[in-house]
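K.L.:
Fold the following, please.
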Amino acid sequence: MTYRVVQCFTGTVGSAIIRLASTDPRIEIVGLYVHHEAKEGRDAGELAGIAPIGVKATCDLGSLLEAGADCAIWSGPCDAEPIGRILRSGVNVYSGNHAYYLHGEPDYSYLQDACMQGQVTLAAGGNIPGLISDVVPLFLSGYTSQIKQLRMWQRNHVPNIPSEEDLVTGVGFGRPCDDDDEPSKAIDRGWEGALRQSARMVADALGVPLDRFALTEKHIAPAPEDLHLESSGVVIRRGTAAGIRRLYVGTTGGRPFYQVNVEMTVALGLGPGWRSSAEQPNWRIEIDGSPGIIAEMAVMEPVGPNILELNASRAINSVPRVVEAAPGCRSVFDFPMATGGGHF
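P.N.:
Sure thing, here's the model as predicted:
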């Protein structure tokens, strides 16, 4: 079966989705939603860096809701109002930035109502959150019991991410190492809000009450020299943040149950404990159970577009599951495992 998809936005992940969809027989891109008027009328393939595919970009979301799409892939910032509008129109939504597990979140009721009005589904996924913060731990938990604690590490080396916004606004690279102002705190809260959904999902799946979830440690490593990141054009000045590590902890009964460490770097060898080579695994999971489990994962090319293509591939592979799921705000925990498609 082929699923008709509207792609929302053409950032780094959105463009990768268009490129992957162009060769995937399961997906047909039937519309492209953009913010910038300069992209209006341009071909989706051209914007994604491939040959034209015959789909023109538009800033008019209403016109796309008449395209007869099965699903919209939302690759922009979290924004409940337009997502709700898409859902009410009867189009399913897969989000790469929000809705990992909305139970208890402020916009749950609004989005759940929109799903029920349109009789469609909203679900999300990606690399982080997702992958090591919820999908893989839940998969591994099926092979152990009496789980006392889960610990996850992400160590992504990302100098080749092409988006200045992702690097500076999304992570905090290039900011003063001792900066504790509101923009810096807003970045921390953004990570916390997203990872909290993963923590709640895992806790609920394992039948554990999550008392609290918060940032407990933050470490910043300075750039040893000026760093010129060619793909994005960003310059990280000597002495500003070139490595950022955040530890978020969920507790139950007053003790740690769920810990996720997120380390992001644009330079290697920033000091003891920081990533020292590109060949080191990106992710590690430890589950204290009976038996205890340790798992490490890496992409074949850990520095470059493969990190972004994880999110794009996850979106493509999740579309059939989202379309086929029961109406409502769902998570990976509510429908069958998404699988990739063969390509010969």
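K.L.:
contacting residues around the residue positioned nearest the centre of the chain?
P.N.:
By CA atoms, centre = their mean, the chain has its centre lying nearest to G126, at 3.7 Å. Shown in contact with G126 (CB atoms under 8 Å, 6 or more residues apart in numbering): 96-97, 310-311, 314-315. C-beta coordinates here come from the backbone N, C-alpha and C atoms, glycine included.
K.L.:
cool, P137 as well?
P.N.:
Counting by CB under 8 Å, 6+ apart, P137 has contacts 150, 152, 202, 285, 287.
K.L.:
By neighbours, which of those residues wins?
P.N.:
Counting neighbours by other CB atoms under 10 Å, the top entry in those is L150, with 28 neighbours.
K.L.:
wait, that residue sits on T252?
P.N.:
No - contact criterion CB atoms under 8 Å: L150 and T252 do not qualify, at 11.1 Å.
K.L.:
So the residue nearest to the centre of the chain: helix, strand or coil?
P.N.:
coil (DSSP: H, G, I helix; E, B strand; the rest coil).
K.L.:
List the single closest residue to it in space, sequence neighbours excluded.
P.N.:
N311 (4.6 Å; CB to CB, 6 or more residues apart in numbering).
K.L.:
tell me which residues of the strand or helix carrying that neighbour are tucked away?
P.N.:
Taking DSSP states H and E as the criterion, N311 maps to helix 306-324. Within helix 306-324, the residues that count as buried by 16 or more other CB atoms under 10 Å are 307-323.
K.L.:
Can you give the domain ranges for the protein?
P.N.:
Using automatic domain parsing, the domain parsing of the chain gives 3-124+308-334, 135-304.
K.L.:
Please work out which of those is packed deepest.
P.N.:
With neighbours defined by mean count of other CB atoms under 10 Å, none of the domains of the chain is more surrounded on average than domain 3-124+308-334, at a mean of 20.
K.L.:
Between the two ends of that one, how far is it?
P.N.:
Domain 3-124+308-334 has an end-to-end distance of 20 Å (CA to CA, to the nearest Å).
K.L.:
quick check, distance from that domain to the centre of its chain.
P.N.:
13 Å (CA atoms, centre = their mean, to the nearest Å).
K.L.:
Brilliant, that's me finished.
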